[in-house]
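Trainee: Below is the sequence, then the predicted model.
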Amino acid sequence: MTVEIGKIVPAERLAPHSHTLQIETRSRVEFLDITARLHKLVERSGVRSGVCHVFVPHTTAALLINENDDPALQKDLDKFLEGLAPVRNDYHHNDGNCDAHLKASLIGASKSLLIEDRRLVLGRWQGVFFCEFDGPRRRELRVKIVSD
């Protein structure tokens with residue numbers, strides 16, 4: 001335990017758990033379910049209550065929380081995003097992957113998930129997905145687990 005201005009604070013609360021996960025993608029567009037990997041990190045951290053921050057430090061990848069029961073949803077998401085930002089070469093940012101930048105911008109690069117009873121708080125059908133829009137690539141995923 002550590003003393004902080006006259007009160008006792010558990011050491012667990014003072015030390016966030018930081019991790020860098022390596023993600024390998026195999027196709028240009030991919031939705032990888034990373035829920036189990038995040039659950040393991042939370043379990044190993046020993047944090048009973050807090051927040052799990054997840055961040056993708058890439059401009060053509062993103063994080064999504066959505067249904068993880070039916071893989072057909074991933075095909076629908078891909079088709080939907082393709083309708084919003086199709087692959088084409090007449091974008092002003094014309095390096096061949098502008099659509100990937102636009103899709104990643106729509107989905108977002110970070111998520112914060114609550115932790116209760118050493119588990120991520122997710123709905124019954126929810127999962128966390130690493131979204132690749134410019135693969136195949138080797139990517140990083142940053143995770144920081146912070147106790148309340």
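Mentor: All right, it came through fine.

Trainee: what about the residue nearest the centre of the chain, helix or strand, and which?
Mentor: Taking Cα atoms, centre = their mean, the centroid of the chain lies closest to residue 63, which sits 3.9 Å from it. Assigned by DSSP states H and E, residue 63 falls within strand 61-67.

Trainee: and if you look at residue 83?
Mentor: Here residue 83 sits within helix 72-84, counting by DSSP H and E.

Trainee: buried set for whichever strand in the chain runs longest?
Mentor: Longest strand in the chain by number of residues (criterion: DSSP state E): strand 138-147. For strand 138-147, a neighbour-count test (16 or more other Cβ atoms under 10 Å) marks 139, 141, 143-147 as buried. Placement of C-beta: from N, CA and C, glycine included.

Trainee: Between its first and last residues, how far does stretch 108-122 reach?
Mentor: Stretch 108-122 stretches 18 Å from its first residue to its last (Cα to Cα, to the nearest Å).

Trainee: List the contacts of that stretch.
Mentor: 35, 38-39, 42-43, 46-58, 61-63, 65, 128, 145 (Cβ atoms under 8 Å, 6 or more residues apart in numbering).

Trainee: on that earlier part again, so which other helices or strands are in contact with the helix holding residue 83?
Mentor: Helix 72-84 sits against strand 30-33, strand 61-67, helix 98-107, with contacts defined as 3 or more Cβ pairs under 8 Å, 6 or more residues apart in numbering; DSSP states H and E.

Trainee: one step back: just list what the longest strand of the chain packs against, helices and strands only.
Mentor: Applying 3+ Cβ pairs under 8 Å, 6+ apart, we find strand 138-147 packed against strand 17-24, helix 35-45, strand 49-55, strand 126-132.

Trainee: Within its sheet, name the partner strands of it and how each one runs.
Mentor: When pairing is defined by DSSP bridges, strand 138-147 lines up against strand 17-24 (antiparallel), strand 49-55 (antiparallel).

Trainee: to the chain's geometric centre, what's the distance from the first one?
Mentor: I take that to be strand 17-24. With Cα atoms, centre = their mean, to the nearest Å as the basis, strand 17-24 stands 10 Å off its chain's centre.
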